[in-house]
Every structure is written in structure tokens, then in C-alpha cells.
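Chemist: how does the following fold in three dimensions:
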Amino acid sequence: MGIDLESLSEATSGAIGALVSTTILYPLDTCKTKYQAEVRTQHQQKYRNISDVLWEAISTRQVLSLYQGLGTKNLQSFISQFVYFYGYSFFKRLYLEKSGNKTIGTRANLIVAAAAGACTVIVTQPLDTASSRMQTSEFGKSKGLWKSLSEGTWNEAFDGLGISLLLTANPSIQYTVFDQLKERLLKGKLSKKAPAELSPKALSAFNAFVLGAVSKCVATCLTYPAIRCKVMIQAAESDEDGNQEAGQKAQKTVSGAVYAVWKREGLLGFFKGLQAQILKTVISSALHLMIKEKITKTTWVLMLVLRKYLFVTRPKLKGT
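Modeler: Residues are numbered from 1 along each chain as shown. Have a look, this model is predicted:
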């Protein structure tokens, strides 16, 4: 009876947008993740840039392996974005109702986004870990979701949880920047509409793409060292040769990952793959938010139809 249709609409459109953008850009994501996970040893490295990963897939006739783990990644993306957008919209509305304010400030927006991000991370961390391990496996040797999760302990399924919670700052920064830019762009646009005509505000596809790219670029640059350490932690012990077992085990902690990068690659090592990360995440986020903004109105209409069915049709059926 107390369905929050606006939060549900935001969550559904956000999840669909994530599903589409993840599928389109998945090969780039695989190349980026494999490149980030590699730590240079004794001045030797397998990949000099992400194009080397792509060339390896082509030369070994394993191009389709660029999609290894796609199903798991899509499941993780859909659930995480649904939980995030529902939580973000719900907490935001709750704050506005309790505070009596008409708009949410930057500080409150960051707190709301961080709370929604923390809920999302806890729910989806095992899928995120499994996805990273599938992507960093040798081409053609990726294991399925169930095998990836069942081979290790339950604690290993939550590898990188601490740093993932820290990285809730990334979407917090991203969506705060996006929302603030969106509010300024659309300020006063709905002031002439009657209350009955009001629906969730939506940007044009171009504006949503640009604002999404800018906001994600800012968030990525600020949080990238933690992003790389997280990939290394989740990918540790994914190699089957076992040649660096001790090093891989040490690398499964935040301090171990930081030490490994600092010792072998120096300060610049914390930013290895930053260009690839920005390329992938900025395009993905911009595409995601563009799709979300364009389907928000459609989703809103569907939610109104659903509410009409729940609160109008059902009482009639009850009286028959």
C-alpha cells in the first residue's frame, strides 16, 4: 500500500540503463580489468597498455573470451544499480520530508549517496568479486559463477569489501556532481506546469551524456588509486600456475596491494590504467545516465498505471 513509485521508477530505469551500457562496453571492461590487475615484476610486464590485451585475444583466437563473465557482470550491474537508485531516491526523499527543505544540499547529497552505495556494496560484493576473477582469468579458461564462488570460502567471496565500501565515495561524488549540474540546468523549467502535470525531470539525451561524462570523470580521477587496489585484491590468486602464491596472498589485503604497487611500480603505479578507466567508465556512465534519463518518463507512466491498477481495480474486484 505504501509503494514509493518515484524511488521504484528511478531504480528500474537506472538498472535497465546499467544493463545496456555494461553489455555494450564489456570487451573494453575486460581489457581494462586484466591490465589493471597485472603488477610489474622485475621490470617485466605482459601488457604495456589495454591494446595488448585486445591483441592477445585476437592472436590466440579467443575474441569471444572478451565476454567471459558477462552474465555475472550484468546480474551484478542490474542488482547494484537497482539497489543504489532505489536507496538513493528513497533516502533523498526521506531527507527532504524530515528536513522540510525543498532541495538537498551538497553535503547532505554526499551522505545520502554514500548510504545508498554502502547498501549496494554489501548486497553485490560476491558477484563483483566473481566477475573480476572471471575477467582476469586466462582467455578461454574462465570458470562459471557458481564454481568461482564455491571454490573459495565465504570470506573470499567478500574480498575487497572494505575498499569497496571506501569506493562508495565514487558514485557519491559522481551522482552528487550530476544532480547538482542537472538541477542548475533544469532550474525553473517546471515552474509553469500544473501540479498534476509534474513528472520526474528528465534531461535531453545529449545533456545527460555530457553531464554523465563530466561527473564520472571527476569521481574516477579522485578515487582511482583505490579502484586499482580493489581490482588487484579481487584478482589475487586467479592465476592457475601458482608461481606467485605467497605474493598473491599478501596482495589480498589493502596494505599488501598498496605495498606491492609502491615497491614494484612506484607512485605512478597507483594510476596505471587511469586513461583506460576513464575511457571505459566515462563512456559507460554517460551512456547509462543517458538511457536512464530517456526511459525515466516511460517508467514513470508505467508506475502510474501500476498504481491505478493496485488502488482502483482491486477494490472493484473485492466488491464483486
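Chemist: how about residue 104, secondary structure?
Modeler: What DSSP: H, G, I helix; E, B strand; the rest coil gives for residue 104 is coil.
Chemist: what's the answer for residue 101, then?
Modeler: Secondary structure assignment for residue 101 (three-state DSSP): coil.
Chemist: ok, which stretches of the stretch 1-150 of the chain are strands?
Modeler: Taking DSSP state E, counting those that start in this stretch as the criterion, the stretch 1-150 of the chain contains no strands.
Chemist: quick one: contacts of the helix or strand hosting residue 179?
Modeler: Counting by DSSP states H and E, the element that carries residue 179 is helix 169-186. With C-beta atoms under 8 Å, 6 or more residues apart in numbering as the test, helix 169-186 has contacts from 84, 88, 103-104, 106, 109-110, 113-114, 117, 201, 203, 207, 211-212, 214-216, 218-220, 222-223, 227, 285, 289. No exception for glycine: its C-beta is placed from N, CA and C like everyone else's.
Chemist: do the same with stretch 20-37
Modeler: 47, 49-54, 66-70, 73-74, 77, 132, 135-136, 227-228, 231-232, 235, 238, 272-273, 276-277, 279-280, 283-285, 287-288, 291.
Chemist: now the residues you listed: which count as buried?
Modeler: Neighbour-count burial (16 or more other C-beta atoms under 10 Å) is assigned, among the contacts of stretch 20-37, to 47, 50, 52-54, 66-70, 73-74, 77, 132, 135-136, 227-228, 231-232, 235, 238, 272-273, 276-277, 279-280, 283-285, 287-288, 291.
Chemist: re the thing from before, quick one: buried ones out of the contacts of helix 169-186?
Modeler: 84, 88, 104, 109-110, 113-114, 117, 203, 207, 211-212, 214-216, 218-220, 223, 227, 285, 289.
Chemist: ok, and the closest non-adjacent residue to residue 128?
Modeler: Take residue 128 and drop its neighbours on the chain: the residue closest to it by C-beta to C-beta, 6 or more residues apart in numbering is residue 76, 5.5 Å away.
Chemist: which ones are touching the one you found?
Modeler: By C-beta under 8 Å, 6+ apart, the neighbours of residue 76 are 124, 127-128, 131.
Chemist: same thing but at 10 Å, please
Modeler: 18, 22, 69, 123-132, 145 (C-beta atoms under 10 Å, 6 or more residues apart in numbering).
Chemist: who wins for neighbours among those?
Modeler: residue 132 (29 neighbours; other C-beta atoms under 10 Å).
Chemist: tell me the pLDDT of the residue lying closest to that residue once chain neighbours are set aside.
Modeler: With C-beta to C-beta, 6+ apart as the criterion, residue 132 has its nearest non-adjacent residue at 3.8 Å, and that residue is residue 234. Note for residue 234: predicted pLDDT of 76.
Chemist: for the closest residue to residue 32 other than its chain neighbours, pull up the helix or strand it's in.
Modeler: Nearest non-adjacent residue to residue 32, counting by C-beta to C-beta, 6+ apart: residue 276, 4.4 Å away. Taking DSSP H and E as the criterion, residue 276 maps to helix 274-308.
Chemist: quick one: that helix to chain centroid distance?
Modeler: 12 Å (C-alpha atoms, centre = their mean, to the nearest Å).
Chemist: next, the angle helix 169-186 makes with it.
Modeler: Helix 274-308 and helix 169-186 are oriented at 70 degrees to each other (axes from the mean of the first three to the mean of the last three C-alpha atoms, to 10 degrees).
Chemist: give the rounded mean pLDDT of helix 274-308.
Modeler: For helix 274-308, the mean per-residue pLDDT is 78.
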